[in-house]
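Asks: Sequence and computational prediction follow.
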Amino acid sequence: ASPPPSTPPLPSAARRRASEERARVAVLDVDYHAGNGTASMFYCDPSVLVVSIHVDPNTDYPYTTGFPSQQGHGAAHGTTANLVLGPASHWSHYSVALDAAIAQIAAFKPRALVLSLGLDTFHNDPVVSPGSGFRLCLADYVRMGRRVRSLHLPVLVLQEGGYCMPSVADIVEHFLSGLCGLQPPAQP
C-alpha cells in the first residue's frame, strides 16, 4: 500500500473553501518597527490585509523585512503593504502614510480592523537609537484615532511597544479619545 499523501485532498479543499468564505479583516500596525510577525502570518492569506507603517528597514530593525516590495504571495499578492518612513519623521510625514493606509483599508472593504498600536512612535520613546525614532506628540495620537474612526469599522486595539513609561497612559488616552470621538484630554 502506498503512504497517504502529506496533505489529503478533501481537508485541503475544505481549508481552501473556509478561507474563501472567511470574512475579510484588515490589520493596521502603527509600531515604529515593521509588523513582520503579523505580515508573515498572513502573507499567503488573501482574506487579511496587513498594512504596516514603520521606519525604513534599511535604517533600523528588523533590516530584512518590511520593504515595500514585500506585498504578499500568490493569491494574497497585494494584501501586505509596508509603508516606510525615514527616521525622525514628524506627523507631516506620518499622516501621509496613515492616509494611504486608511485608503487601502477602505478599498479592501474588511468587516473589522485589528490595530497594532505601537507607542514607540512617541517623540520621547527611549527604545530607538539616538537621532532616530519618530517624532509624534500627544495631539498626533488624537488625529491618528480620528483617522481610524473614519473607517466606521469595529476595531480591536492591541497595545504593543511603547517604552516611555511615564507617557504610555497619556498616549493611549489621547489615541482612544480620537478613536471614540471624544474630546481629547487637556494637555498639562
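Replies: Structure received.

Asks: from here on, contacts and neighbour counts on C-alpha atoms
Replies: Will do.

Asks: Could you list the residues in contact with whatever helix or strand residue 169 lives in?
Replies: Residue 169 belongs to helix 165-180 when assigned by DSSP states H and E. Helix 165-180 has contacts (Cα atoms under 8 Å, 6 or more residues apart in numbering) with 119, 138-139, 141-149, 162, 183-185.

Asks: which among the residues you listed gets closest to residue 49?
Replies: Of all these, residue 148 has the smallest distance to residue 49: 15.0 Å, by Cα to Cα.

Asks: just checking, the closest one touches residue 100?
Replies: No: taking Cα atoms under 8 Å as the definition, residue 148 is not a contact partner of residue 100, at 11.8 Å.

Asks: which outside residues touch stretch 122-131?
Replies: Everything outside stretch 122-131 that qualifies as a contact, by Cα under 8 Å, 6+ apart, is 87-88, 119-120, 133-138, 162-164.

Asks: Show me the beta-bridge partners of residue 115.
Replies: Note on residue 115: beta-bridge partners by DSSP bridges are residue 28, residue 157.

Asks: about what we covered before: between residue 148 and residue 100, which one's more packed in?
Replies: residue 148 (23 against 15; other Cα atoms under 10 Å).

Asks: which residues touch that one?
Replies: Contacts of residue 148 by Cα under 8 Å, 6+ apart are 102, 179.

Asks: how much space is there between the residue nearest in space to the middle of the chain and residue 130?
Replies: For the chain, the residue nearest the mean C-alpha position is residue 29 (1.4 Å; Cα atoms, centre = their mean). Using Cα to Cα, to the nearest Å, one gets 23 Å for the distance from residue 29 to residue 130.

Asks: and residue 36, how many residues sit next to it?
Replies: Applying other Cα under 10 Å, we find 18 residues neighbouring residue 36.

Asks: What of residue 183?
Replies: 11.

Asks: Return the per-residue confidence for the nearest residue to it once chain neighbours are set aside.
Replies: Counting by Cα to Cα, 6 or more residues apart in numbering, residue 183 lies nearest to residue 177, which is 6.2 Å off, once chain neighbours are set aside. For residue 177, the model assigns a pLDDT of 98.

Asks: Sort out for me which of the contacts of helix 165-180 are in helices.
Replies: Members of those lying in helices (criterion: DSSP state H): 138, 139, 141, 142, 143, 144, 145, 146, 147, 148, 149.

Asks: Now pLDDT too, for the residues you listed, in JSON lines please.
Replies: JSON lines is the format used below for the ones in helices among the contacts of helix 165-180 (pLDDT from 0 to 100):
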{"residue": "138", "pLDDT": "96"}
{"residue": "139", "pLDDT": "97"}
{"residue": "141", "pLDDT": "98"}
{"residue": "142", "pLDDT": "98"}
{"residue": "143", "pLDDT": "98"}
{"residue": "144", "pLDDT": "98"}
{"residue": "145", "pLDDT": "98"}
{"residue": "146", "pLDDT": "98"}
{"residue": "147", "pLDDT": "98"}
{"residue": "148", "pLDDT": "98"}
{"residue": "149", "pLDDT": "98"}
